[in-house]
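Asker: Coordinates for the following, if possible.
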Amino acid sequence: MHPFRILLLATALTAGSAGAADAPPTYRVPEQASDGWAVADAAQLGWNTALFGELERRVATNEAKGLTSVLVVDHERLVYERYFGDGARDTLNDMRSASKSLTALLVGAAIERGAIRGVDARVYPHFADKRPLAHPDPRKAAITLEDLLTMSSLWECDDDNAFSTGNEERMYVTEDWLRYALELPIKGFAPWMHTPAQSPYGRSFAYCTAGAFVAGAVVERATRQPLDGFARSVLEQPLGITRSQWNRSPEGTVIGGGGTRYRSRDIAKIGAMVADRGRWHGSQVLPARWIDAALTPHAQARDDAEYGYLFWRFHFVVDGKDTPVWAMSGNGGNYVFMLPERGLVAVITSRAYNQSYAHPQSQAVFRDVVLKALPTPH
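Answerer: Reported below is the predicted structural model:
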């Protein structure tokens, strides 16, 4: 590398230097590679690229912690790509619970191929080999795939409650995760809790990783192949994704509830495909009707967020208006944000696992950098 270029790079990345603090790094167009991504100059498209430089300055001075990559896509063109710390283009990022959204996509692919009847398919008939099960209850027979996709089954399962029987940490230390999930008792509703009938969309939401895990297992049983193999054939190969990593539970079920690893450019492809109603470079990878259903609110997750089929819907202000933004979201601040009507996708990977600042920080990067840098629509 030419010495002058080395000097510029050092100036951009060295934390604490006066130059890095006073002059944000200069914007650089992403490198054209042979992975199917078109690239474009954000400045020529009207983006406020100075905000990207400010982000890099904040990372260099350790005001932003744990970030490993930020990528921005404008109508299937990569317009910003930066890696931080030991993050790199070839790094397989542990996306944690952002993986759940991949499981929802695979459910749609299985339905399209006729392996699963639809979201109203009952869950328990797929696991006859696990019988007899503890805590039998006739209401369990009515649990559907849609209940799992919307985090609204009647299982007593809440990852946000350390006392919950179905808390994911309790499942992880057992040798048969499937049995553990299928044997969860039916939950009750304390006087201060909303029953399904009292809840928006008629569903009482509780974040339940065990449910997403079982949804992935249903796809395995229905398609008669491991979830990662099915993902390769219906999702990764059509998108030109050649590397990924899926984990397995102790009993051998591929984990659809978290922990998948993808390169930043590859997870951005998945986000771009979802944002374009299942298309990638004009080819239909997944049915548009399934993407539409997945990106439709089905449950009220929080006062400020709704939930689709294992996708979050957050709210941000864009051009002075409340704007719903869909997202794949995982521990550590790992996100794929999607604003389909603007052709916008942003990937943020971070290793701030179990840190209280992780999610607020990544959402702030999206809000204060990506959305504020977005070109004004004509």
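Asker: pLDDT value on residue 14, please?
Answerer: With respect to pLDDT, residue 14 scores 41.
Asker: Kindly report the same for residue 113.
Answerer: For residue 113, the predicted pLDDT is 98.
Asker: How much space separates it from residue 198?
Answerer: 37 Å (C-beta to C-beta, to the nearest Å). To be clear about C-beta, it is placed using only N, CA and C from the backbone, and glycine gets the same treatment.
Asker: now swap in residue 116 and tell me
Answerer: 30 Å.
Asker: Which one's more surrounded, these two?
Answerer: residue 116 (21 against 10; other C-beta atoms under 10 Å).
Asker: Regarding the more buried one, what is its secondary structure?
Answerer: Three-state call for residue 116 (DSSP: H, G, I helix; E, B strand; the rest coil): coil.
Asker: check contacts around it.
Answerer: Contacts for residue 116 (C-beta atoms under 8 Å, 6 or more residues apart in numbering) come out as 107, 110, 145, 218-219, 222.
Asker: what residues does the strand ranked longest in the chain touch?
Answerer: Ranked by residue count, the top strand of the chain under DSSP state E comes out as strand 321-330. With contact meaning C-beta under 8 Å, 6+ apart, strand 321-330 is reached by 94-102, 258, 267, 271, 274, 295, 306, 308, 311-317, 335-340, 359, 366.
Asker: Give me the below-cutoff pLDDT ranges for the stretch 1-150 of the chain.
Answerer: For the stretch 1-150 of the chain, applying pLDDT under 70 flags the ranges 1-22.
Asker: For the stretch 1-150 of the chain, which segments are assigned as strands?
Answerer: When secondary structure is read from DSSP state E, counting those that start in this stretch, the stretch 1-150 of the chain shows strands at 38-39, 67-74, 77-83, 93-94.
Asker: which stretch among the ones you listed comes nearest residue 282?
Answerer: Proximity to residue 282 (C-beta to C-beta) singles out strand 38-39 among the strands of the stretch 1-150 of the chain, at 12.4 Å.
Asker: So which elements touch that closest one?
Answerer: Packing partners of strand 38-39 (3 or more C-beta pairs under 8 Å, 6 or more residues apart in numbering; DSSP states H and E): strand 77-83.
Asker: which residues pair with the spatially most central residue of the chain across the strands?
Answerer: For the chain, the residue nearest the mean C-alpha position is residue 328 (2.2 Å; C-alpha atoms, centre = their mean). As for beta bridges, residue 328 partners with residue 336 under DSSP bridges.
Asker: Against residue 344, how distant is it?
Answerer: From residue 328 to residue 344 the distance is 14 Å (C-beta to C-beta).
Asker: quick one on the thing from earlier: can you check the contacts of residue 116 and name whichever has the most neighbours?
Answerer: residue 107 leads those on contacts (other C-beta under 10 Å) with 29 neighbours.
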